[in-house]
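Trainee: What follows is a predicted protein model with its sequence.
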Amino acid sequence: MAFRSSLTGEDTQPGLLNDRRYLALYLPTWPTDYLKRAEPALTSPLALYERIKGGLRLAAVDRLAGAQKLFIGQNLADARAMVPDLTAREIDLPLLEAAFGTFADWHSNASPLVAVMSDMNVYGDLVLDITGVSHLFGSELGMLRTLVLRLRQLGYAADGAVASTIGAAWAASHFAPNRVVPAEQTGGLLDGLSVAALRLAPMQVAGLIQMGLKQIGQLRGRDRKGLQARFGASLIMRLDQAFGYAEERIAPRLPVAERYAERKFPDPIGLMDDVLMTTQDLAIQLGIRLESEGLGAQAFHLFLYRVDHKVMTLSVNAGSPTRDPDHIARLFANRAERLQGEYDAGFGIDMIRLAASSVAPLEPSQLGAFSRGDDTDLGHLYDRMSSRLGTLSVVRSAFVDTHIPERAVRLEPVIARSADNPAAAPDPEQARPLRLLPMPEPIGITAEVPDGPPMAMIWRRVSYRFVKAQGPERLNAEWWRSGQRLVLVPPLTQQELNELKQQGKEPPYTPNVPLFYTWNAVRDYYIAEDAGGRRFWLFRLGIYGVAPNPTWYLHGFFS
């Protein structure tokens, strides 16, 4: 099929088109093409079926089966009768959806903005925002031709189109494929297409055809309220999106980075050492660009595009904005050491892209002949350790503004540390033990009077007699924290948990600290010393005559 750069016929200017351009790719037999690429032995007609209301219906057919008049929705028994050598398999939708997502990511080597159009199906339709990108291929027509032909060479049935709206590009790729539609001709293209080109539900399409409204042009000028009342608001929305009266945005799968450097290879590479050497060169290019803009970045993403239409991603983070090429390359080298066993170049890597995100202003600093700045070395050490060991493996203690000792410190990743709170720092004049127990442990106490200083205690079945005691120091309850639990380590997001699950790893241990209640949290602390010189920090929880049953706990040890 020839590729065309324009339309013929009357032009119709749409209303609110902007200057963006979109390329839609349509792969009608992608599920069966994907399976046949994975299993070359599948040479006979192939169909995938699904169970619908107790029956087996075809959900996908390849080109050989389609040539023999098999169609989606057909009964499997009828299909077997028509094609005796048919290979039928039950469709695995989660597998195909995940595989098509990876397939979509691979197309980011052509444009950084790639999304799966799941309006009609979870696989088969891609859209790329090619604004400002098509000149790299010579023209929009050259880019369309390159992307479609390379898919066909890989064994996929593919068509595409370029237009000024996502709806128009999708419609053209399905019903008037392999053409570039100028903005001023968008209306002329859509008017002559079937109403099914609006991405409507089958019931809506059937209802419109029953009314004699077979082409999109027949919908224009009709009573919008009447159409909406009969066919729903989605019809009006799709109509406005296609003509550019309503905005429609894509949701890119990969992080969108405006600043990146990339390199294409005439011959694919496969060694990790070659990847890291290229990363070093790209880090220099990216650092020069960031320096020219007076910026630094905290997140860096490495995309490795394999020749078998797959992409591997690797991301690292820095504790503070940086554009130091050596430091950026070292972070990826440390992370690569952790992932050495999982690295798989497949049949080779033909393109590498290094992108920066989370950018912030970074002023140039004056350095001496033998210096690197105030905290640069320490910050770089934190970054390298976190990259090699994992973000949650390198943490620091951050003070919390509270009177309760076990709540006074929390752990946070050192590369994502929060600003220090001077008000939360402990008072150096207050006597505090160097070692706290993970949780206060109950003890038995002997005292001359109920609310007097302790004279002896029993802890872990061992008796200790005190020769002196100091106290009490009363710590009152914090009413605003009632019912809360101290979070020692920030909980993982759902995305991080899913990534660990895919890698077959267990999530890190998260301490389950009990809830804090103010009604039973008034403490009287004592420092007690036994005959052996051991000094203990213990407290009575509750006040005699107020709390129903005051209890004693051992909390820590002095040197």
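Mentor: Alright, I've got the coordinates.
Trainee: Going by C-alpha atoms from here, please, whenever you check contacts or count neighbours.
Mentor: Will do.
Trainee: Look at Leu286 and give its secondary structure.
Mentor: Here Leu286 is helix, with the state taken from DSSP: H, G, I helix; E, B strand; the rest coil.
Trainee: Check whether it really touches Glu258, as I assumed.
Mentor: No - using C-alpha atoms under 8 Å, Leu286 makes no contact with Glu258, being 11.2 Å away.
Trainee: Looking at these two, which one has more neighbours?
Mentor: A side-by-side neighbour count of Leu286 and Glu258, using other C-alpha atoms under 10 Å, places Leu286 first with 23 against 10.
Trainee: circling back to that earlier point, what residues do Leu286 and Glu258 have in common as contacts?
Mentor: Among the neighbours of Leu286, those also in contact with Glu258 (C-alpha atoms under 8 Å, 6 or more residues apart in numbering) are Ala355, Ala356.
Trainee: can you give me the helices for the stretch 151-300 of the chain?
Mentor: Counting by DSSP state H, counting those that start in this stretch, one finds helices in the stretch 151-300 of the chain at the ranges 166-175, 186-191, 202-210, 224-231, 233-243, 272-292.
Trainee: and of the ones you listed, who's closest to Glu448?
Mentor: Nearest to Glu448 among those is helix 272-292 (71.8 Å), distances taken as C-alpha to C-alpha.
Trainee: Which among the helices of the stretch 151-300 of the chain is found nearest to Arg263?
Mentor: Among the helices of the stretch 151-300 of the chain, helix 272-292 sits nearest to Arg263 (C-alpha to C-alpha), with 7.8 Å.
Trainee: Show me what that closest one packs onto, helices and strands only.
Mentor: strand 259-269, helix 325-338, strand 349-361 (3 or more C-alpha pairs under 8 Å, 6 or more residues apart in numbering; DSSP states H and E).
Trainee: Give me the contacts around the last one.
Mentor: If you take C-alpha under 8 Å, 6+ apart as the criterion, strand 349-361 is touched by 109, 256-270, 275, 278-279, 282-283, 286, 294-307, 321.
Trainee: can you check the shortest one too?
Mentor: Residues from elsewhere that reach strand 259-269, judged by C-alpha under 8 Å, 6+ apart: 275, 282-283, 285-286, 289-290, 307, 347-357.
Trainee: List buried members of the contacts of strand 349-361 by neighbour count.
Mentor: Listed as buried from those are 109, 257, 260-262, 268-270, 275, 278-279, 282-283, 286, 295-307, 321; burial here means 16 or more other C-alpha atoms under 10 Å.
Trainee: From Arg238, how far off is the residue positioned nearest the centre of the chain?
Mentor: For the chain, the residue nearest the mean C-alpha position is Gln495 (6.0 Å; C-alpha atoms, centre = their mean). In this view, Gln495 and Arg238 are 32 Å apart by C-alpha to C-alpha, to the nearest Å.
Trainee: Look up how far His107 lies from Tyr305.
Mentor: From Tyr305 to His107 the distance is 9 Å (C-alpha to C-alpha).
Trainee: Show the residue spans covered by the helices in the stretch 1-150 of the chain.
Mentor: Listed in chain order, the helices of the stretch 1-150 of the chain (DSSP H, counting those that start in this stretch) span 30-38, 63-67, 76-82, 93-106, 140-153.
Trainee: Which strands or helices does the first one pack on?
Mentor: Helices and strands touching helix 30-38, by 3+ C-alpha pairs under 8 Å, 6+ apart, are strand 46-52, strand 55-61.
Trainee: now those strands as TSV including mean neighbour count, distance to Ile250 and mean pLDDT?
Mentor: Output for the helices and strands packed on helix 30-38, formatted as TSV (neighbours: other C-alpha atoms under 10 Å; distance: least, C-alpha to C-alpha, whole Å; pLDDT from 0 to 100):
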stretch	mean neighbour count	distance to Ile250	mean pLDDT
strand 46-52	19	29	91
strand 55-61	21	26	91
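Trainee: Of all these, which one comes closest to Gly504?
Mentor: Smallest distance to Gly504 across these (C-alpha to C-alpha): 29.5 Å, for strand 46-52.
Trainee: Pull up the pairing partners for the closest one, direction included.
Mentor: Using DSSP bridges, strand 46-52 pairs in its sheet with strand 55-61 (antiparallel), strand 87-90 (parallel).
Trainee: What is the distance between the last one and the centre of its chain?
Mentor: Looking back up the chat, that one is strand 87-90. 33 Å (C-alpha atoms, centre = their mean, to the nearest Å).
Trainee: again, but for the longest one
Mentor: For strand 55-61, the distance between its averaged C-alpha position and the chain's averaged C-alpha position is 33 Å (C-alpha atoms, centre = their mean).
Trainee: who touches that strand?
Mentor: 29, 31-32, 46-51, 70-77, 91.
Trainee: out of the helices and strands packed on helix 272-292, nearest to Gly187?
Mentor: Closest approach to Gly187 among the helices and strands packed on helix 272-292 (C-alpha to C-alpha): strand 259-269, 35.2 Å.
Trainee: Helix 272-292 and that closest one, what's the angle between them?
Mentor: For strand 259-269 against helix 272-292, the angle by axes from the mean of the first three to the mean of the last three C-alpha atoms, to 10 degrees is 160 degrees.
Trainee: Now do strand 259-269 against strand 349-361: the angle between them, please.
Mentor: Counting by the same axes, to 10 degrees, strand 259-269 lies at 160 degrees to strand 349-361.
Trainee: Tell me the strands beside strand 259-269, with direction?
Mentor: Here strand 259-269 has these sheet partners by DSSP bridges: strand 349-361 (antiparallel).
Trainee: Quick one: mean pLDDT for the next helix-or-strand element following the strand it pairs with?
Mentor: With elements assigned by DSSP states H and E, the helix or strand that comes after strand 349-361 is helix 376-389. The predicted model gives helix 376-389 an average pLDDT of 77.
Trainee: Which strand or helix spans Lys501?
Mentor: Here Lys501, judged by DSSP H and E, is contained in helix 494-502.
Trainee: got it, and Arg410?
Mentor: Using DSSP H and E, Arg410 sits in strand 409-413.
Trainee: pLDDT averaged over that strand - what is it?
Mentor: What strand 409-413 shows for mean pLDDT is 83.
Trainee: how is this protein carved up into domains?
Mentor: Split into domains by automatic domain parsing, the chain comes to 22-193, 259-365, 431-482+517-557.
Trainee: Am I right that His403 is in contact with Leu475?
Mentor: Yes - between His403 and Leu475 there is a contact under C-alpha under 8 Å: 6.6 Å.
Trainee: Low-confidence stretches in the stretch 201-350 of the chain?
Mentor: Across the stretch 201-350 of the chain, residues meeting the criterion (pLDDT under 70) sit at 338-341.
Trainee: Near Gly160, how many other residues are there?
Mentor: Residues contacting Gly160 under the criterion other C-alpha under 10 Å number 29.
Trainee: do the one 4 residues further on as well
Mentor: Number of residues near Ser164 (other C-alpha under 10 Å) recorded here: 26.
Trainee: For Ala456, see how far away the residue located most distally from the centre of the chain is.
Mentor: Most distant from the centre of the chain: Glu448, at 62.4 Å, with distances by C-alpha atoms, centre = their mean. Remark: distance between Glu448 and Ala456 (C-alpha to C-alpha) = 10 Å.
Trainee: try Ala469
Mentor: From Ala469 to Ala456 the distance is 10 Å (C-alpha to C-alpha).
Trainee: For the stretch 401-550 of the chain, just list every one of the strands.
Mentor: According to DSSP state E, counting those that start in this stretch, the stretch 401-550 of the chain carries its strands in the segments 409-413, 435-447, 454-459, 462-475, 523-530, 535-541.
Trainee: list the helices and strands the shortest one packs on?
Mentor: Strand 409-413 is packed against strand 395-399, with contacts defined by 3+ C-alpha pairs under 8 Å, 6+ apart.
Trainee: Run me through the strand neighbours of the strand it packs on, direction for each.
Mentor: The pairing partners recorded for strand 395-399 under DSSP bridges are strand 409-413 (antiparallel).
Trainee: now the partner strand, how far from the centre of its chain.
Mentor: Remark: strand 409-413 is offset 24 Å from the chain centroid, using C-alpha atoms, centre = their mean.
Trainee: Appreciated, that's everything.
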